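K.L.:
would you be able to build a 3D model of this:
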Amino acid sequence: MIKKKNKFFTFIFSLLPGAGEMYMGFMKMGISLMCCFFLTLILADMGVSDFMVLIAVIVWFYSFFHVHNLAGLPDEMFFEVKDEYLLPFADKEEEKMMITGKYRKVAAVVLIVIGISGLLKSFFYVAVRYFPQEVRMIMNDFIFYYLPRVVFSIAVIVLGIYMIRGKKKQLEDESIQSQ
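P.N.:
Prediction:
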């Protein structure tokens, strides 16, 4: 049930991304923000990229101000706000299949990278006991510092190229349809 709540508790819950939205009844928004925040923190902790900490901070600020903007809306506008996920999810079955097909590969790659990162860290902690200090230092520098950054940077570049190509194709399709 979506309704305005106590301002003190709204402030307290707004300190945890997503909790303020959930307190006010916007469960989909709240769960999306909370998952996004904690996922970025987990990825940062796993050493995927220090950039993930910046993303987590941005999500925190967005969530904090989003809750207070919602709480400050006039009643008429507040009750018109729809509870939606951050990522687009479709209502129709065929749209759901199209969206899950798009994100399925991305999710699979992200899960594989997270799994490999966890395995490498586990291997490193075992290797600490058996390898000489020099080998451990090389492994630590290469595997846990440089490799994740290189992989993340390449992924960002590929995503950017994919987005540019998709937008270019969309513009070409629109120009063909308008003719």
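K.L.:
now whichever strand or helix holds residue 70: average pLDDT?
P.N.:
Per DSSP states H and E, residue 70 falls inside helix 51-72. Averaged over helix 51-72, pLDDT sits at 87.
K.L.:
same question, stretch 147-155
P.N.:
Here the mean pLDDT over stretch 147-155 is 80, rounded to a whole number.
K.L.:
buried stuff in it?
P.N.:
Using 16 or more other C-beta atoms under 10 Å as the test for burial, stretch 147-155 gives 148, 152, 155. The C-beta positions use only the backbone N, C-alpha and C, and glycine is treated the same way.
K.L.:
picking up where we left off before, so which elements touch the very next helix or strand once past the helix holding residue 70?
P.N.:
From helix 51-72 onward toward the C-terminus, using DSSP H and E, the following helix or strand is helix 75-80. Using 3 or more C-beta pairs under 8 Å, 6 or more residues apart in numbering; DSSP states H and E as the contact criterion, no secondary-structure element is in contact with helix 75-80.
K.L.:
re the thing from before, residues making contact with the helix holding residue 70?
P.N.:
For helix 51-72, the surrounding residues in contact (C-beta atoms under 8 Å, 6 or more residues apart in numbering) are 4-5, 7, 10-11, 13-15, 17-18, 20-21, 24, 26, 29, 33, 36-37, 40-41, 43-44, 78, 81, 152.
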